[in-house]
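**Q** Predicted model, plus sequence, below.
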Amino acid sequence: MTMPEASIIVPAFNVAATLQATLASLQAQTHGDFEIIIVLDGPRDETPRLAYEAAASDPRIRVIAQENRGLAGARNTGIQAAKGAYIGFCDADDLWLPHKLSTHVDHLAANPNVGISYSASAFIDDSGSLTGLAMRPRLTEITAAHVFRRNPIGNGSAPVIRRAVFDAIAWRPDHEAERDWCFDETFRQSEDIECWLRIALTTDWAFEGVPEALTLYRVSAGALSADTTRQFAAWERMVTKLEPLAPGFFAAQTPAARAYQLRYLARRAVADRRRDDAWRLAVRSLRQSLTPLMDEPRKTMTTLAAALALRLAGPRLIDRAFALLSHSVRKA
């Protein structure tokens, strides 16, 4: 039996509402030589039934069930089972455009130094409709500093990665009898950036993006209520863990990277209308480093202005501004 050229890993935990749409987008890929691995990460809803029904009707789909290990653990299980030379991830509430896999496979095949190919991402809402917003990251000449400061990959459904990259960073913790880790399962947040930065610091594989927004990234209203304190603590633990790999790099880059992270969390707090958190995080970002202000003055000042408006005028003003922005984006 020939091995598939690519493996698409779908971590699945309580995603009955969106799993079928995600799988349909993957089954529609124009690149024909692939498998889909659904990793059931201890779900407690109808996700297993939907996954096994999909596998029964499509031989390209395999299902692996495990006790809940978190997103990192589900991805590790999928990597361990994957047969393809290229490995992509699609979270079970996101979507891929039909030509995403073919675009990344062609990109990697044409650029043997590139290990991580990623795309821009368009945002969709709970209903699957485009919001008009998108993540359009830096695409070329990516350094470890770029990965640390701005994480150009953006989200876990954006990259397709050579199997050789994971072979280069895999390790087996003492308590694991059979499974290697590529993502650190002790992280329930910041597991993506921890992995990408470890790749950038310890291997020669290049990161490079393709310009089209090939990933549709779902921004759920319920997901906005993130615990920014816990998120920031996970990010700081990531820095502490990786710092011994390159002390000079972290000494030089951490203040600016921390400022970017705080700015990102401030924007999340604005989106969730948490006025005190938004202002506190925005001010902390500026105090940590002025690099985001100098490099991206418009985005930084917009964040600060939104946090200040929320603090002084409350969420109603922000709601009106968001409505006007959304309307103008749709008309454009």
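**A** Yes, it's here. Here the structure is a predicted model, which is why all the values come from computation and not from measurement. Numbering: from 1, shown residues only.
**Q** CA only for contacts and neighbour counts going forward, please
**A** Will do.
**Q** low-confidence ranges in the stretch 1-150 of the chain?
**A** For the stretch 1-150 of the chain, residues meeting the criterion pLDDT under 70 lie at 1.
**Q** Mind jotting down where the strands sit in the stretch 151-300 of the chain?
**A** Listed in chain order, the strands of the stretch 151-300 of the chain (DSSP state E, counting those that start in this stretch) span 160-162, 206-218.
**Q** Note down every partner strand of the shortest one and its orientation.
**A** Strand 160-162 pairs in its sheet with strand 86-89 (antiparallel), strand 114-124 (antiparallel), by DSSP bridges.
**Q** Nearest to Lys241, out of those strands?
**A** The closest of those to Lys241 is strand 114-124. By C-alpha to C-alpha, the value is 22.3 Å.
**Q** between the helix or strand following the closest one and strand 114-124, how big is the angle?
**A** Next helix or strand after strand 114-124 toward the C-terminus (DSSP states H and E): strand 130-135. Per axes from the mean of the first three to the mean of the last three C-alpha atoms, to 10 degrees, the angle that strand 130-135 makes with strand 114-124 is 150 degrees.
**Q** Mind giving me the packing neighbours of the following helix or strand past strand 130-135?
**A** The helix or strand immediately downstream of strand 130-135 is helix 144-150, counting by DSSP H and E. Contacts defined by 3 or more C-alpha pairs under 8 Å, 6 or more residues apart in numbering; DSSP states H and E place helix 144-150 against helix 191-202, helix 247-271.
**Q** which other residues reach the first one?
**A** The set of residues that contact helix 191-202 without belonging to it, under C-alpha atoms under 8 Å, 6 or more residues apart in numbering, is 72, 143-144, 147-148, 151, 155-156, 165, 169, 182-185, 205-206, 238, 242, 245-246.
**Q** And stretch 58-78, how far out from the chain middle?
**A** 17 Å (C-alpha atoms, centre = their mean, to the nearest Å).
**Q** From the opening residue of that stretch to its closing one, how far?
**A** This stretch, stretch 58-78, spans 18 Å end to end (C-alpha to C-alpha, to the nearest Å).
**Q** With stretch 290-298 instead?
**A** Note: stretch 290-298 ends 13 Å apart using C-alpha to C-alpha.
**Q** if you compare the strands of the stretch 151-300 of the chain, which one is most tucked away?
**A** strand 160-162 (a mean of 25; mean count of other C-alpha atoms under 10 Å).
**Q** what does that one rub up against?
**A** The contact list for strand 160-162, computed with C-alpha under 8 Å, 6+ apart, reads 85-89, 101, 104-105, 108, 115-118.
**Q** and if we set it to 10 Å?
**A** 6-8, 84-90, 100-101, 103-105, 107-109, 112, 114-119, 205, 207 (C-alpha atoms under 10 Å, 6 or more residues apart in numbering).
**Q** repeat for stretch 164-178
**A** If you take C-alpha under 10 Å, 6+ apart as the criterion, stretch 164-178 is touched by 76, 79-80, 85-87, 114-116, 179-184, 195, 198-199, 202-206.
**Q** One more pass at 8 Å, please.
**A** Under C-alpha under 8 Å, 6+ apart, the answer for stretch 164-178 is Ala85, Gly115, Ile116, Arg179, Asp180, Trp181, Cys182, Arg198, Ile199, Thr202, Thr203, Trp205.
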